[in-house]
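A.B. asks: Output the structure for:
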Amino acid sequence: MKDCDVSVIVRTRDRPRLLGRALANISAQTCLPAEILIVNDSGDPERVRQVVAECGGKLRIRVIDHATCRGRAAALNTGLKKAETLWFAVLDDDDTWLPAFLETMISAAEGSSPVVCQSYVVDEQLDAYGEPHETGRRLYNGDFKELCLIDLAGHNRFTINALLCSLEAWRALGGFREDLTVLEDWEFNLRLASRYAIKVVPAPLACYHRRPREGNGSHANSSLAEHAAIQTRLGNEWLRHDLETGRFGFGWLSALGRQQQELQQLPFVGRLKRWRERWHRMRGRSL
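C.D. replies: The predicted structure is shown next:
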């Protein structure tokens, strides 16, 4: 089996069964990565190495331990600073790819431009032994065939495990923001898309797994309330910067994107009415 010039960053913390599934999933790729960097964000280091010994197979794996929990973005940056390839992809310990993910994404790459694909959302529950069992799945972004910057500014259009990006781009953008507890991927994606033309592979090759917070402890996904709070914080931060500089930047772009998303959720007549009202306001006319 051929290898591809990709470093896969795997973030983990005390979720050995999910980590084992992620490593088995990478082993099943039709094109194996050149290296895997597991960033253990203050979890039990012995347990991580045990999982690697049991599930790593012939994969080239390096484990990096954080003595204290430094968070999602810091874990990514830690791994990427050690990466030795042209490209990187992220597969968190609780997510998976379809077998052809790496091969398809590398084949679609041109130059150093980023590539993204569609994703499935997979709902699952853990049994009494901590084993995950799928309860359903749906397309996360089946209409995602090309990247529109306004859409991306309104909400994240692709999951973090659906991205193939160059290390050069990551360095040029200064990495992921470590002050963000969630949505570090969305903030990075928006900066990435504002600087690079991102190619979209219109096929669902990545799976974002979700588990309910109730009863799943550290295995649960981050809360929707936390996501909403960080999205509001970022929007306000960007808009203040736009107002201070007198420029049209991420603040206005994000506001437009969120308004567009809200309009799309209205019935057709409601959308027409809202667009008509907005058009008259822009023209300075009263209705």
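
A.B. asks: in the stretch 151-287 of the chain, which spans are strands?
C.D. replies: 163-166, 199-210 (DSSP state E, counting those that start in this stretch).

A.B. asks: Looking at those strands, which one is packed in the most?
C.D. replies: Highest mean neighbour count of those: strand 163-166, a mean of 22 (counted as mean count of other Cβ atoms under 10 Å). In this view, the C-beta of every residue, glycine as well, is placed from N, C-alpha and C.

A.B. asks: So which other helices or strands are in contact with that strand?
C.D. replies: Here strand 163-166 touches strand 87-90, helix 101-108, strand 115-126, helix 184-195, going by 3 or more Cβ pairs under 8 Å, 6 or more residues apart in numbering; DSSP states H and E.

A.B. asks: what pairs with it, and is each one parallel or antiparallel?
C.D. replies: According to DSSP bridges, strand 163-166 has the following sheet partners: strand 87-90 (antiparallel), strand 115-126 (antiparallel).

A.B. asks: so of these, which one's packed in deepest?
C.D. replies: strand 87-90 comes out most buried of those by mean count of other Cβ under 10 Å, with a mean of 25.

A.B. asks: Can you name the element that comes right after it?
C.D. replies: Moving toward the C-terminus from strand 87-90, the next helix or strand (DSSP states H and E) is strand 96-97.

A.B. asks: Determine the set of other helices and strands touching that next one.
C.D. replies: Short answer (3+ Cβ pairs under 8 Å, 6+ apart): strand 96-97 packs on helix 16-27, strand 199-210.

A.B. asks: Given that strand, what are its sheet partners and their directions?
C.D. replies: Strand 96-97 is paired, per DSSP bridges, with strand 199-210 (antiparallel).

A.B. asks: Need the contact partners of the partner strand.
C.D. replies: With contact meaning Cβ atoms under 8 Å, 6 or more residues apart in numbering, strand 199-210 is reached by 94-98, 100-101, 104-105, 108-110, 113-124, 132, 137, 139-140, 142, 144-147, 159, 161-162, 221.

A.B. asks: Same list (the strands of the stretch 151-287 of the chain) but as JSON lines, adding distance to Arg72 and mean pLDDT.
C.D. replies: JSON lines is the format used below for the strands of the stretch 151-287 of the chain (distance: least, Cβ to Cβ, whole Å; pLDDT from 0 to 100):
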{"stretch": "strand 163-166", "distance to Arg72": "15", "mean pLDDT": "98"}
{"stretch": "strand 199-210", "distance to Arg72": "14", "mean pLDDT": "97"}
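
A.B. asks: possible to save those strands as CSV with distance to Gly235?
C.D. replies: Shown next, in CSV, are those (distance: least, Cβ to Cβ, whole Å):
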stretch, distance to Gly235
strand 163-166, 22
strand 199-210, 23
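
A.B. asks: now the helices for the protein?
C.D. replies: Under the criterion DSSP state H, the chain carries helices at the ranges 16-27, 45-55, 72-82, 101-108, 149-154, 167-172, 184-195, 224-245, 250-264, 268-283.

A.B. asks: want to throw the ones you listed into a markdown table with mean neighbour count?
C.D. replies: Output for those, formatted as a markdown table (neighbours: other Cβ atoms under 10 Å):
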| stretch | mean neighbour count |
| --- | --- |
| helix 16-27 | 20 |
| helix 45-55 | 16 |
| helix 72-82 | 21 |
| helix 101-108 | 20 |
| helix 149-154 | 20 |
| helix 167-172 | 15 |
| helix 184-195 | 20 |
| helix 224-245 | 14 |
| helix 250-264 | 17 |
| helix 268-283 | 11 |
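
A.B. asks: Those helices: which one's closest to Cys4?
C.D. replies: Nearest to Cys4 among the helices of the chain is helix 101-108; the distance by Cβ to Cβ comes to 4.7 Å.

A.B. asks: quick one: contacts of the closest one?
C.D. replies: Counting by Cβ under 8 Å, 6+ apart, 4-6, 29-33, 87, 89, 115, 117, 164, 199, 201, 203, 205-206 sit against helix 101-108.

A.B. asks: Poorly predicted segments of the stretch 1-150 of the chain, please.
C.D. replies: 1-2 (pLDDT under 70).

A.B. asks: How about the contacts made by the nearest residue in space to Arg240 that is not next to it in sequence?
C.D. replies: Leaving out its chain neighbours, the residue that sits closest to Arg240 by Cβ to Cβ, 6 or more residues apart in numbering is Gly251, at 7.1 Å. Neighbour list for Gly251: 235, 237-243 [criterion: Cβ under 8 Å, 6+ apart].
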